[in-house]
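>>> curious how this folds, go ahead:
(one chain, ligands or ions: 1)
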Amino acid sequence: MDTPILIDLPDKVVSDRVLLRPYKSGDGQALFEAVDESREHILPWMPWGPGHQSASDSENLVRTWRARWELREDLAMGMWDRATGLYLGGTGLHRIDWNVRSFEIGYWIRSSQQGKGYVTAAVRMLSRLAFDSLMANRVFIRCAAPNVRSAAVAQRSGFVFEGCLRNSIRDANGELHDAQVYSLIPSEWAALRDQAPAR
Ligand SMILES: CC(C)(COP(=O)(O)OP(=O)(O)OC[C@H]1O[C@@H](n2cnc3c(N)ncnc32)[C@H](O)[C@@H]1OP(=O)(O)O)[C@@H](O)C(=O)NCCC(=O)NCCS
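So this is what the prediction gives:
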């Protein structure tokens, strides 16, 4: 296996409407504005949410995410509207096991841009990146059982329900939840690959 740092990664992934790219210095302001408008809906499920008290906190995070991208430890990406340049939210490939070639897709979207299919498009783009470029053997999505919007993204994207990890997620209020796990393996991706492209 290549040392992970030698694995080549694209600078960006694009669909008709969405651009995904690793974070870079200067993205902190856009990230902060998106988090700030979305606290109510993201905070229960995103443990890093309360860390964004100022644009400088967000800038600190984007530079950390970028460093981890370069090391291939974690592949956090920003999601951008190609037409307007608006920062839409965050996604990426996380909990990477380069030996198994297993990746978790994570996502959140700013409040004003929910319900437009951007996240579903991002999941499709990342599945393509993982399976077709990074030779994934497993791509999974994990969400707290009450987070029905998140589960809907996994289901809409063709991920297969795999099981329930009992008492494995604590929300921002400290309450424990079961996690639902959805995944794809290469044979399933092969069947999905040629369906309608991500928009
Ligand atoms: C979970 C979360 C990312 C889902 O966002 P979302 O906006 O519902 O997801 P999408 O962008 O894929 O949009 C899907 C919706 O857009 C609609 N839609 C419109 N155009 C669409 C298109 N071209 N393609 C697909 N869906 C489209 C779908 O019908 C669906 O609507 P519905 O909610 O009425 O069923 C969002 O609720 C969120 O950020 N939550 C907080 C953070 C979080 O929980 N993250 C996940 C942790 S596991």
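
>>> get me the contact residues on this structure for the ligand.
Taking C-beta under 6 Å from any ligand atom as the measure of proximity, the chain contacts the ligand at 41-42, 45-46, 107-109, 114-120, 143, 147, 149-150, 152-153, 199. From N, CA and C alone the C-beta is placed, and that goes for glycine too.

>>> narrow those residues to those that are buried.
Buried by 16 or more other C-beta atoms under 10 Å: 42, 45-46, 107-109, 118-120, 143, 147, 150, 153, out of these.

>>> which one in the residues you listed is the model shakiest on?
Lowest pLDDT among these: residue 46, with 83.

>>> does it touch residue 108 like I think?
Yes - with contact taken as C-beta atoms under 8 Å, residue 46 and residue 108 are classed as touching, separated by 5.6 Å.

>>> and the closest residue to the ligand within the chain, what does it touch?
Nearest residue of the chain to the ligand: residue 117, at 2.3 Å (C-beta to the nearest ligand atom). Neighbour list for residue 117: residue 199 [criterion: C-beta atoms under 8 Å, 6 or more residues apart in numbering].

>>> distance of it relative to residue 30?
21 Å (C-beta to C-beta, to the nearest Å).

>>> tell me the pLDDT at residue 51?
We have a pLDDT of 84 for residue 51.

>>> from what I can see residue 185 touches residue 137, true?
Yes - counting by C-beta under 8 Å, residue 185 touches residue 137, with 6.6 Å between them.

>>> I'd assumed residue 105 was in a strand, is it?
Yes - following the definition DSSP: H, G, I helix; E, B strand; the rest coil, residue 105 is counted among the residues of a strand.

>>> please renumber so the chain begins at 21
In the new numbering, first residue 21, that becomes residue 125.

>>> contacts only, for it.
111-114, 143, 146-147, 150, 159-161.

>>> which residues does it bridge with?
Here residue 125 sits in beta bridges with residue 113, as judged by DSSP bridges.

>>> now residue 96
With DSSP bridges as the criterion, residue 96 is bridged to residue 112.

>>> which residue packs closest to residue 67, ignoring adjacent ones?
Closest residue to residue 67 in three dimensions, ignoring its sequence neighbours and counting by C-beta to C-beta, 6 or more residues apart in numbering: residue 192, at 7.1 Å.

>>> and residue 116, what element?
strand 107-117 (DSSP states H and E).

>>> and that strand, what does it pack against?
Using 3 or more C-beta pairs under 8 Å, 6 or more residues apart in numbering; DSSP states H and E, the elements in contact with strand 107-117 are helix 48-62, strand 95-101, strand 122-129, helix 138-148.

>>> got the confidence number for residue 22?
In this prediction, residue 22 carries a pLDDT score of 69.
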